[in-house]
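Chemist: model this:
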Amino acid sequence: MTKQIFINLAVKDVERSMNLYTKMGFTVNPQFSDESGKCMVWSDSIFVMILSHEKFKGFTNKPIADTKSSIAGLFSLSVESVDRVNEIVDNAISAGGIEPTEMKDYGFMQQRTVEDFDGHTWEVFYMDMSKFPPQEK
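Modeler: Numbers count the residues shown, from 1 in each chain. Coordinates of the predicted model:
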């Protein structure tokens, strides 16, 4: 079996969040979706489960973090070009997401950050390893 990752996120409005993630380039897997949660597919091995608070609480005994005021994790998505970075983040912003910082350019990597309605933070980046600085010996 191929190894897969499922990131589970608590969201206040499943439909609104689904629309934002769809604009970012995710697709919905209806087999694992209902009105209380949507399985958002990034690739054959990467999935984001956006779950209502009620459904999310069924998986844990801990309180749900307020990710609008505290960071609980940074989720990073690599893409094939800087143009794709810009397209994804611009689409997320047009769907209501916010960009909390300006693009970062590390020479070999360009990165933009977008937050969804619940404050979950996504870093979308393009990396060109041919531009990675040589390691000193």
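
Chemist: okay, now the sheet partners of the strand or helix carrying residue 39, with direction.
Modeler: Assessed by DSSP states H and E, residue 39 sits inside strand 37-41. Partner strands and pairing direction for strand 37-41 (DSSP bridges) are strand 27-34 (antiparallel), strand 46-52 (antiparallel).

Chemist: export the longest one to PDB, keeping only CA atoms.
Modeler: The C-alpha coordinates for strand 27-34 follow below in PDB (Å, rounded to 0.1, in the frame of the first residue of the first chain):
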ATOM      1  CA  THR A  27     -10.500  18.400  -5.400                       C
ATOM      2  CA  VAL A  28     -13.300  16.800  -3.400                       C
ATOM      3  CA  ASN A  29     -13.400  13.000  -2.900                       C
ATOM      4  CA  PRO A  30     -17.100  12.400  -2.400                       C
ATOM      5  CA  GLN A  31     -16.500   8.900  -1.100                       C
ATOM      6  CA  PHE A  32     -15.100  10.400   2.100                       C
ATOM      7  CA  SER A  33     -17.300  13.500   2.300                       C
ATOM      8  CA  ASP A  34     -20.600  14.500   3.700                       C
END
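
Chemist: ranges for the helices of this protein?
Modeler: Assigned by DSSP state H, the helices in the chain fall at 14-23, 53-57, 82-94.

Chemist: against which helices or strands is the second one packed?
Modeler: Okay, so that is helix 53-57. Under the contact definition 3 or more Cβ pairs under 8 Å, 6 or more residues apart in numbering; DSSP states H and E, helix 53-57 sits against strand 5-11. Any C-beta I mention is one placed from the backbone N, CA and C, and that applies to glycine too.
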